[in-house]
Every structure is written in C-alpha cells, then in structure tokens.
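K.L.:
Sharing a sequence plus its predicted fold:
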Amino acid sequence: MLNFIGDLFDNQLIKLLEKYPDKSWKWYGISLNPNITMKFITDNPDKSWDWYEISMNRFNKNPIIHKGIDERIKFREECYTLLSNRIIKYIAYMIVMYL
C-alpha cells in the first residue's frame, strides 16, 4: 500500500508541473525533490534547474549510483575534517566543494 501511495504522489508532482508549466515554480526545490525523474529533467531543459541540487538528489534508485554518491560524500567529509583542522574552515569548505 505504501508503494502505491508513493507512486501516486510521484506521478502527481510531474502531472502538476506538466499541467501548469507557466506557474512560478521554485526550481531549486523541485531540483532536490526525490520524486522528480531524470527523464522529466532532460525533457524540460528550458526550466531553471539547479544542477548542484540535481547532482546531490537521491532520486535515482540505482544502488551503484548511490554507492558512488555515498563514497564522494564520505571523501568530502574526510577532506573537510582534515583541512579544517589545519586552515580556516571557510576555505576548507570552498576547497571541498570543488572535489
């Protein structure tokens, strides 16, 4: 039953976006919404997608991709910890975000 409700909600988000394309949607929030699909994103390149949020979005259910994302997050956290102990935290944050 829960999967059915989740699927229903997933479909409703995309249906609303398609039905009201000219509304002033907050694409930042939609970009990080796990109910959005990569197909919908690529079918709508004219939208103001936040590509950073899409890159951090967990919408892809593929475990291989999740493993890669998790490894990158862990690597960033380790680098941040190491760098923040030696240099100003803001600079550490800036460096890590470009890894």
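P.N.:
Now that the structure is in, tell me what you want to look at.

K.L.:
ok, now how distant is the residue nearest the centre of the chain from residue 84?
P.N.:
Taking Cα atoms, centre = their mean, the centroid of the chain lies closest to residue 57, which sits 2.1 Å from it. Distance of residue 57 to residue 84, given as Cβ to Cβ, to the nearest Å: 26 Å. For the C-beta atoms, the positions are set from N, CA and C on the backbone; glycine is no exception.

K.L.:
where does the protein dip in pLDDT?
P.N.:
1-11, 59-66, 68-69, 86-90, 92, 99 (pLDDT under 70).

K.L.:
Walk me through the domains of it.
P.N.:
Following automatic domain parsing, the chain resolves into domains at 1-60, 62-99.

K.L.:
in the chain, which spans are helices?
P.N.:
For the chain, the helices defined by DSSP state H cover 2-19, 27-32, 38-43, 51-56, 63-84, 89-97.

K.L.:
In this structure the residue nearest to the centre of the chain contacts residue 36, no?
P.N.:
Yes: Residue 57 is within contact range of residue 36, at 7.3 Å (criterion: Cβ atoms under 8 Å).

K.L.:
What residues does residue 91 make contact with?
P.N.:
residue 83 (Cβ atoms under 8 Å, 6 or more residues apart in numbering).

K.L.:
gap between stretch 43-57 and the chain center?
P.N.:
Computed by Cα atoms, centre = their mean, to the nearest Å, the chain-centroid distance of stretch 43-57 equals 8 Å.

K.L.:
With that, I have no additional questions.
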